[in-house]
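**Student:** Requesting a structural model of the entry that follows:
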Amino acid sequence: MKLERHAVILAGGRGTRFWPRSRTRTPKQLLNIVGRDSMIAHTVRRIGPLFPPERLWVVTQAEQARALRRQLPKLPRSHLLVEPEGRNTAAAIALAAVRIRRECGDAVMAVLPADHLIREEARYRRVVRAALGLAESPDSLVVLGIQPTRPETGYGYIERGAPVPLPGAKDLRAYRVRRFTEKPALALARRYLASGRYSWNAGMFFWRASVYLEQLARFLPATAASLGRIASAIGTARYASRLRHAYHPLESISVDYALLEPASQPGSGANVFVLPASVGWSDIGSWAAVYELEAARLAPTLSRRGSGANVSAGPFVALDAEGNYFWVPEKLVAAIGVRDLVVVETPDALLLCPRDRAQDVARIVKQLERSHRRELL
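**Tutor:** Residues are numbered from 1 along each chain as shown. Prediction:
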């Protein structure tokens, strides 16, 4: 009997590197970072041909639930899973797996981030179909890998092992995972790129709900046991209180560390596969990444050092100004003699930084937290 296929979108992050636009109630995935629609709207539309609304689930936090309901009116109300507290991806996926298994029986899950960009959408859907097919096999854990284009130090890497058959997808290949490596130093990242044996870990996973819960019980037994106890309360008045009680003691840990790394070790009993893909992927991890995407669209011949066209969300005039990103949609920006800046304005804040320091915006958010400036968070 063929298993149903369900998509689980993880939409609980804060997107601190996109401050001041990204806030607790309106994080990155709810914003139109690229184009007119929000990032989660792009994600849902992209996978729509594969997963009808009744097989779509979204995991989020209470502060964002109302906005998500507005943005996703076709999502069944019970399929918006609100975590009482953020406990990272291992717990969020477990919550979805428990709900799916209880309400729908065993199913193949596609676990997807809410806020990534995929340019080649048709090819991406072919890759997802192939990954879902591979994940139907018992004990299979499948990770989508992105073909590296540079020696990136901010991503996790997946080393490929032996190839495995992938029926029905002649132009795609899957491999056993030899190991996962988190955020290597630059010299090591260069060696990974040169070897041709590594993919970036894009945080897209495929497995049966039952397989995930079984592996979680092996490698993170306290989380598996705690969330397992909520199953009998699903659909009753006891569910909310039992979920709060179950979540509070959970370890905050990513699925990569908690499950995939130990499962990929020899003798684990699990089959961990990577399916490499080139689909025009970007995690759009900072304002600098937004600039690069938009500038490449406007001027594909930009020099490799990054200077070139100015990108603006509103009207602007420039004199001897290059390589700047402006998000000031309500005002005219006049730029004179400035290069490679990020300028983002909201009604209560103004961000100014060099493009090559855009990753440090998250540090500003931490300072605001320490200063108890909640009105800016």
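**Student:** Please point out which parts of the longest helix seen in the chain sit buried.
**Tutor:** In the chain, taking DSSP state H as the definition, the longest helix is helix 88-104. For helix 88-104, the neighbour count (16 or more other Cβ atoms under 10 Å) marks 88-101 as buried. Where you see a C-beta, it was placed from the backbone N, CA and C, and this is true even at glycine.
**Student:** next one: stretch 72-90
**Tutor:** Residues of stretch 72-90 classed as buried: Leu72, Leu75, His79, Leu80, Leu81, Val82, Glu83, Pro84, Arg87, Asn88, Thr89, Ala90 (neighbour count, 16+ other Cβ under 10 Å).
**Student:** can you list these in CSV and add pLDDT and distance to His372?
**Tutor:** Listed next are the buried residues of stretch 72-90 as CSV, based on pLDDT from 0 to 100; distance: Cβ to Cβ, whole Å:
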residue, pLDDT, distance to His372
Leu72, 96, 33
Leu75, 97, 35
His79, 97, 36
Leu80, 97, 30
Leu81, 97, 30
Val82, 97, 26
Glu83, 96, 24
Pro84, 95, 23
Arg87, 94, 24
Asn88, 95, 24
Thr89, 96, 28
Ala90, 97, 30
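**Student:** May I see those organised as CSV, with distance to Leu220 added?
**Tutor:** As requested, the buried residues of stretch 72-90 are arranged in CSV below (distance: Cβ to Cβ, whole Å):
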residue, distance to Leu220
Leu72, 29
Leu75, 28
His79, 24
Leu80, 24
Leu81, 19
Val82, 21
Glu83, 16
Pro84, 18
Arg87, 11
Asn88, 11
Thr89, 12
Ala90, 6
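**Student:** all helices in the stretch 201-350 of the chain, in order from the N-terminus.
**Tutor:** Taking DSSP state H, counting those that start in this stretch as the criterion, the stretch 201-350 of the chain carries its helices at 209-219, 221-228, 239-247, 255, 261-263, 287-298.
**Student:** In this protein, where is pLDDT below threshold?
**Tutor:** 1, 299-307 (pLDDT under 70).
**Student:** Report the strands that pair with the longest strand seen in it, each with its relative direction.
**Tutor:** The longest strand of the chain (DSSP state E) is strand 198-208. Strand 198-208 pairs in its sheet with strand 107-113 (antiparallel), strand 140-146 (antiparallel), strand 157-164 (antiparallel), by DSSP bridges.
**Student:** CA-only coordinates of it, as CSV, when you get a sec.
**Tutor:** In CSV, the C-alpha atoms belonging to strand 198-208 read as follows (Å, rounded to 0.1, in the frame of the first residue of the first chain):
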residue,chain,number,x,y,z
TYR,A,198,30.5,17.3,-0.7
SER,A,199,27.1,19.0,-0.8
TRP,A,200,25.7,21.8,1.3
ASN,A,201,23.1,20.8,3.8
ALA,A,202,20.0,22.9,3.0
GLY,A,203,17.8,21.6,5.8
MET,A,204,15.4,19.7,3.6
PHE,A,205,14.6,16.2,4.9
PHE,A,206,12.5,13.2,3.8
TRP,A,207,11.4,10.2,5.8
ARG,A,208,8.5,8.2,7.1
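**Student:** about what we covered before: just name the most buried of the strands paired with strand 198-208.
**Tutor:** strand 140-146 (a mean of 25; mean count of other Cβ atoms under 10 Å).
**Student:** Quick one: distance of it to the chain centre.
**Tutor:** A distance of 14 Å separates the centroid of the chain from that of strand 140-146, by Cα atoms, centre = their mean, to the nearest Å.
**Student:** relative to helix 209-219, how tilted is it?
**Tutor:** Put simply, strand 140-146 runs at 90 degrees to helix 209-219, going by axes from the mean of the first three to the mean of the last three Cα atoms, to 10 degrees.
**Student:** Can you give the contact residues for strand 140-146?
**Tutor:** The contact list for strand 140-146 (Cβ atoms under 8 Å, 6 or more residues apart in numbering) reads 127-128, 131, 134-135, 158, 160, 174, 177, 199-202, 204-208, 211-212, 215, 259-260, 263, 270-279, 281.
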